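> All I have is the shape, not the residue letters:
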């Protein structure tokens, strides 16, 4: 009867809302993307680290995607492993008609491990670096890093 139709319409509307407006999901997606990068970094898996960078990447210093790749490769060749973590992640998402852009702020550190010793690369465990990451959503729906600000690397 009528009740059944109304109920199924409500279910339909809820499903549409869940699928087409996944705003809370994006924050989670970005969080899991950062986790993936860190896991890949700890394993020195260059491909998986770079997968999360946009081909349009360009930061405040004018570094592009290939530059980031060579910096990461360089660190991978110097160190046996890495320790990294982040905290205090805040994400804001800007939905315009043309593109979805997100800005994430987080406290982050990376140290390289060599001969059992730890060397700070970005920030440190006790004083992590606050960084701002700008992301864009690709047509396939994946978030990619477009810019990172606030990173001071001790070469």
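Perfect, thanks for sending it. Just so you know, these numbers come straight off a predicted model, no measurement behind them.
> For residue 149, see how far away the closest residue in space to residue 37 that isn't next to it in sequence is.
Using C-beta to C-beta, 6 or more residues apart in numbering and skipping the chain neighbours, the partner closest in space to residue 37 is residue 52 (5.2 Å). Yep, even glycine has a C-beta here, placed from its N, CA and C like the rest. Distance, residue 52 to residue 149, using C-beta to C-beta, to the nearest Å: 17 Å.
> same question, residue 109
16 Å.
> Residue 12 now?
In terms of C-beta to C-beta, residue 12 sits 42 Å off from residue 149.
> contacts for the helix or strand where residue 89 lies?
Using DSSP states H and E, residue 89 falls within strand 81-95. By C-beta atoms under 8 Å, 6 or more residues apart in numbering, the surrounding residues in contact with strand 81-95 are 23, 26-27, 30-31, 34, 38, 41-42, 44, 75, 100-113, 118, 121, 125, 128.
> swap the cut-off to 7 Å and go again
With contacts defined as C-beta atoms under 7 Å, 6 or more residues apart in numbering, strand 81-95 is touched by 23, 26-27, 30-31, 34, 38, 41-42, 100-113, 118, 128.
> which residue ranges form the helices in this protein?
Using DSSP state H, the helices assigned to the chain run over residues 2-20, 23-42, 46-50, 65-78.
> export these to CSV and tack on mean neighbour count, mean pLDDT and distance to residue 96?
Below are these laid out as CSV (neighbours: other C-beta atoms under 10 Å; pLDDT from 0 to 100; distance: least, C-beta to C-beta, whole Å):
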stretch, mean neighbour count, mean pLDDT, distance to residue 96
helix 2-20, 9, 74, 16
helix 23-42, 16, 87, 14
helix 46-50, 15, 95, 27
helix 65-78, 14, 94, 23
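> Much appreciated, bye for now.
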